[in-house]
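In: Got a predicted structure here, sequence first:
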Amino acid sequence: MPRVSLFVTCIIDQLFPKVGIAMADVLERAGCSVEFPEDQTCCGQPAFNSGYREEARTVARHFLKVFDGAEYIVVPSGSCTSMVSHHFADLFQDFPAELAATRTLEPKVYEFSSFLTGVLKVEDFGARFEGIVTYHDSCHALRELKIKDGPRRLLGNVKGLELREMDIAQECCGFGGTFSVKFPEVSGGMVRTKIESIKKTGASTVVSIDSSCLMQIRGALSRAGLPIETMHLAEVLASR
Amino acid sequence: MSVVFDEKIQQTLGNAKLQLAIYTSTGRLMDHRKKSLTGQLPDFEELRTHANAVKKHTIENLDYYLEQLEANVKAHGGQVVWCRDGQQVADFVLALAKEKGSKLIVKSKSMTTEEIDFNERLEHHHLESVETDLGEYILQLKHERPYHIVAPALHLTRYDVANLFEKELGVPNDTVIENQTLLARKVLRDKFLQADIGVSGANFLVADSGSIVLVENEGNARLTTSAPKIHIAVAGVEKVIPRAQDLATFLKLLGRSATGQPLTVYTSFLSGPKRAEEVDGPDEFYLVLLDNGRTKVLADREKRQVLYCIRCGACLNHCPVYRKIGGHSFPWVYSGPIGAIITPQFMTVRHEPALPFASSLCGACAEVCPVKIDIPKILLDLREDVVKARTEDASNQLERLAFRMFAFMMSHPWLYRLAGKLGARFGPKKAWVSHVPGAGMLPPVKLWLSQRDLPSLAKKSFRDLWKERKG
């Protein structure tokens, strides 16, 4: 039985806690033993992406401490996964002890959907969800972790669900962390372009594996008064 | 962010006609690239990897290849002129023009000459320099700099061009593109015949053959380099490649990445001036090798990847930020993702400190780059450089304080939990809100709300729900 330590990410912990619960439900259904290391906070990406490396290292060191000894670390976010598995090594390139700890940790960190398809090798969770859904590729999952077909296959096995592709599924939603507030009008323009593409599919729900993208998309849908929902993949897979 | 940068961004975003022009033109270039790769070039990924390796090797041995290039250019009867900056280039050209009594220069498209304000520097000394690429000619009439590395007039419609020609050339307003092209051709043909000097850039400088390679679609570069008695090629030092056989890789990548063409209409290989037995070609050939900030980039093992660029423009077309803010918002001649890593490095990060931050780090640029420049990684490194520079200047104190607080909170779980609880207790209660009382005091919240609604902090965090779930 795989022993999974959840890293729920600060966004899901504080803003979308149900996503974390759904992820735990799905993992337990698949036979994992799931634990939640209580002292976890953030991966440090906001500081790293803003150029504050020392501050990012402080947070990353905390992460390394909290997840030391984990068998699998599963994360409901491509972006936060990539921060740990791709960027911690950059952050600690001149810090041998932390770099060694990072190298030990890297192969244990999985984005949620790729843990299901790649490690558990389960793609049907007996989920049922009635509705037309479109899938948004989050950039870091797509381009840094190369996650593209897995989430679509998982959605394809959900009963009652019809998946319709956007013409620009792989184009950025414009979130980009602090970019969203440093260049708000550009970021806003990008998400409105995305929404036009979402509307064209006729979908009633946008699904992604990153809640930060969904925060941007949902926020813009809500502002535009459009009756389209957003859901994390874990929530869809946990639906019965 | 500088006021100018912000203003230009807002102007571009606010111009619906321009937004449509940028989105349509870049979209078309994206489609063309995709079509030219689908089923046509099965070894595309291997070619990219190879191109990256060749560029890496060349940049790491730049001194060796430049000397080899110089020796081979001289062996063909050409001359090599080393220039530190635009002033030295202008000094050389002006002195040569004076010596030869030259009055008119024709130019083919070159970003390197744009970079050093070539035409303006010469015009200042009453030496006329005429752009002969159609897009560049239009922009010269309009007194604008290129909007895009490959498609300089990408932002203009045929209606804009009709109005411009009517105003500047005194011709009837004609919106038929073919007629506009014919008109430009007629005007420029005379210039070619009168010109004393032709100035081109170079797409590649081949060290082992001493040749320069030019790719183009209009034939104007070929005329520029062969009709006048003197040909001057101005190129950045990073344009050198070791061997002629490497072109088999680079030419396959360049046309497809830029415009979706397997090859451009004209590919010229020029090796020195006209030989005694030849009928065509210039009597004199000069290769100007320009530094202008390039060699100082060599010191950084990671960031010097910027010198691999072959100026295809694919990163611009695929960049969702470029597609919103366009080319003229950028603080220097190089726009888009590649511009965002060239400008801070060739100049300094202080030139426009906000530039490396004008990216969502989506990675679409790196995905299409034919020489695999890791643009997002370099942007991240440059952001670190900006923060360091601002620390030295003691500017942006508030942001630094905020990130210190962030780091402290995120490494002290009790504080993080407390902050979450307080936020949920005193923050808005509705799931998604359009207004937050007191948002004016919290700039990030205010800026977020300027575009979209904000989710409230959950009444119960995940850790609360997890405790309940475990019962």
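Out: Yep, that arrived.

In: Run through the strands of chain A in chain order.
Out: Secondary structure of chain A (DSSP state E): strands located at A:3-6, A:33-35, A:72-75, A:109-111, A:128-135, A:159-163, A:205-208, A:229-232.

In: do whichever helix or strand comes after the longest one and chain B meet?
Out: Of the helices and strands lying after strand A:128-135 in sequence (DSSP states H and E), the nearest is helix A:139. Yes. Using C-beta under 8 Å from any C-beta of the partner chain, helix A:139 reaches chain B at A:Cys139. Placement of C-beta: from N, CA and C, glycine included.

In: Show me the shaky parts of chain A.
Out: Filtered on pLDDT under 70, chain A yields no residues whatsoever.

In: Tell me the spatial nearest neighbour of B:Tyr266, not counting adjacent residues.
Out: B:Glu216 (5.1 Å; C-beta to C-beta, 6 or more residues apart in numbering or on different chains).

In: wait, I meant B:Ala153
Out: Distance criterion C-beta to C-beta, 6+ apart; nearest residue to B:Ala153, sequence neighbours excluded, is B:Gly135 at 3.9 Å.

In: So what would you say the end-to-end distance of stretch A:132-150 is?
Out: One end of stretch A:132-150 to the other measures 18 Å (C-alpha to C-alpha, to the nearest Å).

In: In contact with the residue most central in space within chain B, which residues?
Out: By C-alpha atoms, centre = their mean, chain B has its centre lying nearest to B:Tyr334, at 3.6 Å. Residues near B:Tyr334 by C-beta atoms under 8 Å, 6 or more residues apart in numbering or on different chains: B:111, B:115, B:149, B:342-343.

In: one step back: tell me the contacts of the residue nearest to B:Tyr266?
Out: B:108-109, B:133, B:222, B:264-266, B:268.

In: Let me have the residues you listed in JSON lines, extended by secondary structure.
Out: Listed next are the contacts of B:Glu216 as JSON lines, based on DSSP: H, G, I helix; E, B strand; the rest coil:
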{"residue": "B:Ser108", "secondary structure": "coil"}
{"residue": "B:Lys109", "secondary structure": "coil"}
{"residue": "B:Asp133", "secondary structure": "coil"}
{"residue": "B:Arg222", "secondary structure": "helix"}
{"residue": "B:Thr264", "secondary structure": "coil"}
{"residue": "B:Val265", "secondary structure": "coil"}
{"residue": "B:Tyr266", "secondary structure": "strand"}
{"residue": "B:Ser268", "secondary structure": "strand"}
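
In: Selecting buried members of the residues you listed in ChimeraX, what would you type?
Out: Only the buried entries of those go into this ChimeraX selection, using 16 or more other C-beta atoms under 10 Å in any protein chain shown:
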select /B:108,109,133,222,264,268
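
In: From the contacts of B:Glu216, pick the one nearest A:Glu54.
Out: B:Lys109 (44.5 Å; C-beta to C-beta).

In: Next, give phi and psi for the residue nearest to the closest one when sequence neighbours are not counted.
Out: Excluding the flanking residues, the one nearest B:Lys109 by C-beta to C-beta, 6+ apart is B:Asp133, at 3.8 Å. Here is the backbone geometry of B:Asp133 (degrees, to the nearest 10): phi -70, psi 140.

In: Show me the helices in the stretch 301-450 of chain B, by range?
Out: B:314-317, B:322-325, B:336-346, B:364-368, B:375-393, B:397-410, B:413-426, B:443-449 (DSSP state H, counting those that start in this stretch).

In: So which of those helices is the most surrounded?
Out: Among the helices of the stretch 301-450 of chain B, helix B:314-317 has the highest mean neighbour count (mean count of other C-beta atoms under 10 Å in any protein chain shown), at a mean of 30.

In: I'd like to know which of the strands of chain A is closest to B:Gly210.
Out: Per C-beta to C-beta, nearest to B:Gly210 of these: strand A:109-111, 51.3 Å.

In: Give me the buried positions along that closest one.
Out: Result for strand A:109-111 [16+ other C-beta under 10 Å]: buried residues A:109-111.

In: Quickly run through the sheet partners of that strand, with directions.
Out: Paired neighbours of strand A:109-111 in the sheet (DSSP bridges): strand A:72-75 (parallel).

In: got the contact list for the partner strand?
Out: Outside strand A:72-75, the residues within contact range by C-beta under 8 Å, 6+ apart are A:2-9, A:23, A:27, A:32, A:67, A:81, A:84, A:105, A:108-112, A:115, A:119.

In: So among these, which ones count as buried?
Out: Looks like those have A:4-9, A:23, A:27, A:32, A:67, A:81, A:84, A:105, A:108-112, A:115 buried, using 16+ other C-beta under 10 Å.

In: Residue ranges of each domain in the chain, please.
Out: Answering for chain A, as no chain was given. A:3-118, A:124-238 (automatic domain parsing).

In: other chain: chain B
Out: Following automatic domain parsing, chain B resolves into domains at B:41-292, B:398-470.

In: winner for burial among these?
Out: domain B:41-292 (a mean of 18).

In: if we can go back for a sec, can you redo the domains of chain B as TSV, where the extra columns are mean pLDDT?
Out: What follows is the domains of chain B, written out as TSV (pLDDT from 0 to 100):
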stretch	mean pLDDT
domain B:41-292	97
domain B:398-470	94
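
In: Pull the contacting residues for B:Ala51.
Out: So B:Ala51 contacts B:249-250, B:253, B:308, B:310, B:370-372 (C-beta under 8 Å, 6+ apart).

In: Find me the pLDDT at the closest residue to it other than its chain neighbours, would you?
Out: Sequence neighbours aside, B:Val371 is the residue nearest to B:Ala51 in space, at 4.7 Å (criterion: C-beta to C-beta, 6+ apart). Looking at B:Val371, its pLDDT stands at 98.

In: I'd like to know how many residues surround B:Val371.
Out: By other C-beta atoms under 10 Å in any protein chain shown, 25 other residues sit near B:Val371.

In: Same question for A:Phe129.
Out: 20.

In: still on that earlier bit, TSV please, covering the helices of the stretch 301-450 of chain B and showing distance to chain A.
Out: Below are those laid out as TSV (distance: least, C-beta to the nearest C-beta, whole Å):
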stretch	distance to chain A
helix B:314-317	12
helix B:322-325	5
helix B:336-346	12
helix B:364-368	6
helix B:375-393	3
helix B:397-410	4
helix B:413-426	4
helix B:443-449	4
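
In: the helices in chain A, which residues?
Out: Listed in chain order, the helices found in chain A under DSSP state H are A:10-14, A:17-29, A:45-49, A:53-66, A:78-82, A:88-91, A:96-105, A:112-114, A:139, A:149-156, A:179-182, A:184-201, A:211-224, A:233-238.

In: what angle sits between the longest one and helix A:211-224?
Out: Compare the direction of helix A:184-201 with that of helix A:211-224 by axes from the mean of the first three to the mean of the last three C-alpha atoms, to 10 degrees and you get 80 degrees.

In: Flag every buried residue along helix A:184-201.
Out: By neighbour count on 16+ other C-beta under 10 Å, the buried set for helix A:184-201 is A:184-195, A:197-198, A:201.

In: The residues you listed: which ones sit near chain B?
Out: Among these, chain B is touched by A:184-191, A:193 when using C-beta under 8 Å from any C-beta.

In: Having no further points to raise, I will conclude here.
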